[in-house]
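Student: model this:
(2 chains)
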Amino acid sequence: MAFVQNFPFLSIILSLFSGPLCAVLDGKWARRVNGAVIAIIGILSVFVLKNVIPAGQPYVYRMGHFSAPWGNEIRVGVLEAFMACFFCVIMLLCMMGGIRERETEIEESKQNLYYVMVNLLLCSLLALIYTNDLFTAYVFVEINTISACGLIMIRQTGRTFEAATRYMIMSLLGSGLLLLGICYLYAVTGHLLMSNIREQVQLLAAGGQHHISLMVALGLMSVGLAIKSALYPFHAWLPDAYGYSTLSSSAILSSLVSKGYIFLLIKIFCRVIGFDVVTESKVVNVLFVFGIIGMIMGSWSAIKEKNLRRMIAFSSVAQIGYIYMGLGLATEAGIVASIYHVLSHAATKSLLFVAASGLSDASGGSDRYADITGAGFRNKLAGTAFLVGSLSMVGMPMFSGFISKLFFAQAAVGHAHKMLPTVIALAISTILNAVYFMKTVIRIYTPMGAYDAVKGDGTGKADGIGKTDGTGKADGIGKTDGTGKADGIGKADGTGKADGIGKRDGTGKTDRAEENGAGSERSASDWQEVGRTGRQVVIWEQPAKSAALICFILLNLILGLNSDPIMRLIQGGIEMFD
Amino acid sequence: MMLIVVLLPVFTALLLPLLSFRSRKAMWIYLETAVCANSVLVWWMLFHAPDKTLTVFRFMHDLSITLRLDGPGAVFAGLVAFLWPFAELYSFEYMERQENAESFFLFYTATYGVTLGVALSENILTMYFFFEMLSLVTLPLVMHTRTREATLASRSYLYYMLGGAAFAFIGMIFVLVYGTTSSFVPGGVLDMAHIQEKKDTLLLVYVLCFGGFSVKTAMWPFSAWLPRAGVAPTPVTALLHAVAVVNTGAFAVMRVTYYSFGTGMLRGTWAQDTVMGLVVFTILYGCSRALKETHFKRRLAWSTVSNLSYILFGVALMTPMGMTGALAHLVFHSFMKMCSFLCAGAVIHKTGRHFIYELDGLGRKMPKVFGCFTVAALALMGVPGLCGFVSKWYLARAAVESGEPLAYAGVGALLVSALLTAIYMVGIVVRAFFPGRDFDYRTVEDVREPGWKMLVPLAVLAALTLCFGLHSGPVVRVLEECVRGFRY
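Tutor: Presented below is the predicted three-dimensional model:
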């Protein structure tokens, strides 16, 4: 056995033990340890991947060389190694993106606890990916839930307590159903190792025995994991949990935690029950229908949402609907499309969360939809990143979202009954995505004054000045003086602003504001308010976040432009499941 | 070569913010040189084109961005290449006093490359790619004035565009899955053996796809965006919303119908009836809305809605004749409509008047502008001797020869629409030249003709409208050859 083959086990153990280590360190060192651990595990996974691809077949790693039923096994194939590697990359980027938010939003004494949770979370994700034992999977599902709950709650506001409670209740319900399902399966087959269960299930299915028990087990496990990954009717916990927790938590929760459960479900479909049995059952149809409803309803809720981060969270509901729709097609192409969407959604959604926080940095820390007007000009990188993420979500060619949309549609077209519903749902959901994402993009590239220009009269003027943002300020006022019309403010435009950046300093602006005839007192006081709500954010202000954003954009482009090798990896990995 | 043509405008545009010109004049010279050079390249390519397919990039093993020049593509590319330098020249004067001209020209010039990309696409994925890009790249142009109205207009513009693309996407997927190849081949690429039992589904998909692509041509019920997008500066409305963007939609529908799905499968089915019904209705609907409209540019936009449906009508006939007519109208309508929009822009630029009832007596003060407008208006009506007549004649002939009952209805619609066009276009001309006896000329005293940068494009377009009308033979012959599948 090559030394490399120990790496998956080592990664799990490493992340597990770095958890307690972080508990005794102070915040700063815990952060470093955590970053190093994620990076090391990512590199280890690359080695594993390089080892597995030429081998062409998976290997089973028996821990302590005990064989079943006492021993515990890890099974490593191409897809598992690739997922582990990808999850590490995403997690590292998410942690990088949220450094400053963590420092400001989490109490000093609790900083290191955050990294304990992240390490445990990584450990449980890796275990979910690698394990070959259904009960081990259940144990790590619970660890995953608990650490995710900690990640939500560690930013201590009332909202997050509520969110964490909801999350806990829903998640435990899901875990309970999963456990019930596993029990049923154990009762019927007498095994807990995935490959052994599979053999038994094949025998049972061939003989037509215990059909109902098998279906019940499959249904319970599917529904349990669907609840945990926020499939549509069970998504109530999601917007609060993603919307109010600290930045890196929301990014990790949305892009990794739910994806870990989905990956487990795929493993259960392909490796525990066996794909042909799953195809025959009606359970997939249920997932398909709820997936489609989720695609539409998630977007619908996102359209109505007024808070940027909650909007992105609702969009997750829609995207998880896509994934379940792909699973519900119950073809290999459908599963491939779903896995690809897991990747593309992980890359895009965390990009959007980080970009959104960059935009609210430039808008006085507000997430409110109305406050981010023009933020794309103030924080150029975050604006670009948000644009890329939105285009990817809408499915613009060149970005990752397009490729997964393409795979979904191609997978659907081969299908007899589910073809039309799928393609039409895809089209409608694309439109809905376009509605809320592009609305936001247009909003962040609209100068602040534009929305107030219609007011028109004298008081409107003062308001308009107050609300014109930092950069366009001087221009807008200049015009107001000249023409005495409120329209002038509205016309303070993009390039004018871009020119103004950096050339005029704050005091100069305030002077001008005071010179203004129309209620100089008022505009001056408004002015200070503006100082809080809008400011320039340059790239090097938060180097980690900027680097994370750039990496995310690159990742997105790689997934969008170079999908062929990844596609082959996924297909190869699924073949290795058998 | 083909790649250069697509990329040159895009890079020219991208360099614009980096070069940061001191004076606007230098920027204009730079842009006009680049655009003219590109047009020369395109025309050179049309005459000496190597019959080559150029794969630029591969998304996946069988999906690639590939360029090729063939008949209809050549017509569209040539048209765009001819019109763009004039439009660019015109917009220099129009944007003279406007702010952030730089960002305007950035996107305006980039659109040139993207439109050529649509014209030169070899397969349906490439076309879809450029089709989406076009929606994005023109969005900032609609948003340009940054007023609340422009923001709302650009929102609805984008929703319509992306929504259309989403449904076009369905069609694309079916062609990819059921076609023998994703390339455009005259007569269609669908694998007949595969689809026999799924024919109805496929027809439904065709209708969805037709609807999706024709969102860009503003077919009813997707027409609301076009008049609203009129808030953009006039060069945008003139070139993009009368030529580039909307023709892209018509061109895409043409490609999908004749080169992907294939007319053999579609002719005589309920799908053809459905799309033709929609198109015929749009012809009348656009005209009647134009009649009601009092805003100058919006009236022209509604007229565009109706005229683009002429093109779609030709496409929906699904005969070679129909396609010739469609291509002819695509070319000629571009000249006429762009000319009339540019006139509207000149009026707005010089006087700031946006509504038709404000135009009284302006003809006397701006005889050159309104002279050109009169030519364009008459051509749009379809007066013999002007080019609008030629294309309508071909369309009507194709309709009669196809013998479909709905096609006869279409001919009727063409006649009614000619009458309505006469009313709404000539109404403007009459107001401008003959404001009535008791008109107070002092209100238009300080109105002047625009400068040469505006007048030259106007004059050239009006002259061409006249030339093509009188001597349409060669053009139509070229178009017929294109349709018959002549290649370089």
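Student: what is the burial count for B:Thr319?
Tutor: Using other CB atoms under 10 Å in any protein chain shown, B:Thr319 has 19 neighbouring residues. (C-beta placed from N, C-alpha, C; glycine too.)
Student: what sits against it?
Tutor: Counting by CB atoms under 8 Å, 6 or more residues apart in numbering or on different chains, B:Thr319 touches B:263, B:267, B:398, B:401-402.
Student: name the SS class of A:Trp300, please.
Tutor: helix (DSSP: H, G, I helix; E, B strand; the rest coil).
Student: that one contacts A:Asn433, doesn't it?
Tutor: No. With contact defined as CB atoms under 8 Å, A:Trp300 does not reach A:Asn433; the gap is 11.0 Å.
Student: so between the two, which is more surrounded?
Tutor: Neighbours were counted for A:Trp300 and for A:Asn433 using other CB under 10 Å; A:Asn433 has more, 25 against 17.
Student: work out for me the element the more buried one sits within.
Tutor: helix A:419-444 (DSSP states H and E).
Student: buried set for that helix?
Tutor: For helix A:419-444, burial by neighbour count (16 or more other CB atoms under 10 Å in any protein chain shown) applies to A:419-420, A:422-444.
Student: average pLDDT for that helix, rounded please.
Tutor: The average pLDDT for helix A:419-444 rounds to 89.
Student: stretch B:183-190 too?
Tutor: 82.
Student: with stretch A:100-113 instead?
Tutor: Here the average pLDDT along stretch A:100-113 is 85.
Student: ok, A:Thr131 to chain B distance?
Tutor: From A:Thr131 across to chain B, the span is 32 Å (CB to the nearest CB, to the nearest Å).
Student: so what's the closest residue to that residue other than its chain neighbours up against?
Tutor: Closest residue in space to A:Thr131, ignoring its immediate chain neighbours: A:Ala137 at 5.2 Å, by CB to CB, 6 or more residues apart in numbering or on different chains. Contact analysis of A:Ala137 by CB under 8 Å, 6+ apart lists A:127-128, A:131, A:264, A:267.
Student: and for B:Ile4?
Tutor: B:Ile4 neighbours (CB under 8 Å, 6+ apart): B:Leu41.
Student: and it, what's its pLDDT?
Tutor: 82.
Student: and if you look at A:Ser229?
Tutor: So A:Ser229 comes in at 89 (pLDDT).
Student: that one contacts A:Phe263, doesn't it?
Tutor: No. Counting by CB under 8 Å, A:Ser229 stays clear of A:Phe263, with 9.7 Å between them.
Student: could you give the number of residues near whatever residue of the stretch 201-350 of chain A ends up closest to chain B?
Tutor: Residue of the stretch 201-350 of chain A nearest chain B, by CB to the nearest CB: A:Ala333 (10.6 Å). By other CB under 10 Å, 18 other residues sit near A:Ala333.
Student: show me what contacts it?
Tutor: A:Ala333 makes contacts with A:407, A:410-411, A:414, as judged by CB under 8 Å, 6+ apart.
Student: now B:Leu89
Tutor: Applying CB under 8 Å, 6+ apart, the residues near B:Leu89 are B:32, B:453, B:456-457.
Student: helix or strand for A:Phe275, which one?
Tutor: Judged by DSSP H and E, A:Phe275 forms part of helix A:275-280.
Student: just checking, what packs against that helix?
Tutor: Judged by 3 or more CB pairs under 8 Å, 6 or more residues apart in numbering or on different chains; DSSP states H and E, helix A:275-280 is in contact with helix A:194-207, helix A:211-228.
Student: going by mean pLDDT, which of the ones you listed comes out lowest?
Tutor: helix A:194-207 (a mean of 87).
Student: now for that helix, which elements pack on it?
Tutor: If contacts are counted by 3+ CB pairs under 8 Å, 6+ apart, helix A:194-207 sits against helix A:158-189, helix A:211-228, helix A:275-280.
Student: go through those and pick out the most buried.
Tutor: helix A:211-228 (a mean of 21; mean count of other CB atoms under 10 Å in any protein chain shown).
Student: ok, A:Ile38 to A:Gly27 distance?
Tutor: Distance of A:Ile38 to A:Gly27, given as CB to CB, to the nearest Å: 17 Å.
Student: out of the two, which sits in the more crowded spot?
Tutor: A:Ile38 (25 against 20).
Student: following element in sequence after the strand or helix carrying that one, please.
Tutor: In this assignment (DSSP H and E), A:Ile38 forms part of helix A:27-55. Remark: after helix A:27-55, the chain's next helix or strand is strand A:59-63, criterion DSSP H and E.
Student: what's the helix or strand following that following strand in contact with?
Tutor: As assigned by DSSP H and E, the chain's next helix or strand after strand A:59-63 is strand A:72-76. Outside strand A:72-76, the residues that touch it by CB under 8 Å, 6+ apart are A:5, A:8-9, A:12, A:48, A:52, A:58-64, A:66, A:130-133, A:136, A:193-195.
Student: swap in 7 Å and give it another go.
Tutor: A:8-9, A:48, A:52, A:58-63, A:130-133, A:136, A:193 (CB atoms under 7 Å, 6 or more residues apart in numbering or on different chains).
Student: quick check on the residues you listed: which are buried?
Tutor: Of the contacts of strand A:72-76, these count as buried by 16+ other CB under 10 Å: A:8-9, A:48, A:52, A:58-59, A:61, A:130-133, A:136, A:193.
Student: show me where the stretch 51-200 of chain B has strands.
Tutor: B:54-60, B:63-67 (DSSP state E, counting those that start in this stretch).
Student: return the most buried member of those strands.
Tutor: Buried most deeply of those, by mean count of other CB under 10 Å, is strand B:63-67, with a mean of 21.
Student: which parts of the stretch 301-450 of chain B are helices?
Tutor: B:320-351, B:362-365, B:367-381, B:387-402, B:405-433 (DSSP state H, counting those that start in this stretch).
Student: winner for burial among these?
Tutor: helix B:320-351 (a mean of 26).
Student: any regions of the stretch 451-578 of chain A where pLDDT drops low?
Tutor: Along the stretch 451-578 of chain A, segments meeting pLDDT under 70 span A:451-534.
Student: compute the distance between the residue of the stretch 251-400 of chain B found nearest chain A and B:Val390, please.
Tutor: Nearest to chain A in the stretch 251-400 of chain B, going by CB to the nearest CB, is B:Gly352, at a distance of 13.4 Å. Between B:Gly352 and B:Val390 the distance is 36 Å, computed by CB to CB.
Student: do B:Val207 as well
Tutor: 30 Å.
Student: got it, and B:Ala316?
Tutor: Applying CB to CB to B:Ala316 and B:Val390 gives a distance of 20 Å.
Student: please apply the same query to B:Thr111.
Tutor: 28 Å.
Student: what does the stretch 301-450 of chain A put close to chain B?
Tutor: A:394, A:396-397, A:409-410, A:413, A:420, A:423, A:427, A:430-431, A:434-435, A:438-439, A:442, A:446-447, A:450 (CB under 7 Å from any CB of the partner chain).
Student: could you give the number of residues near A:Cys22?
Tutor: By other CB under 10 Å, neighbour count at A:Cys22 equals 27.
Student: quick one: secondary structure of it?
Tutor: On the basis of three-state DSSP, A:Cys22 is classed as helix.
Student: residues in contact with it?
Tutor: A:Cys22 neighbours (CB under 7 Å, 6+ apart): A:30, A:33-34, A:112, A:115-116, A:119.
Student: min pLDDT across these, which one?
Tutor: A:Asn112 (86).
Student: I figured that one hits A:Leu25, correct?
Tutor: Yes. Counting by CB atoms under 7 Å, A:Asn112 touches A:Leu25, with 5.6 Å between them.
Student: between those two, which is the more surrounded one?
Tutor: Neighbour count, other CB under 10 Å: between A:Asn112 and A:Leu25, A:Asn112 has more, with 22 against 18.
Student: ok, A:Ile12 touching A:Leu122?
Tutor: No. If you go by CB under 7 Å, A:Ile12 and A:Leu122 don't touch, sitting 9.1 Å apart.
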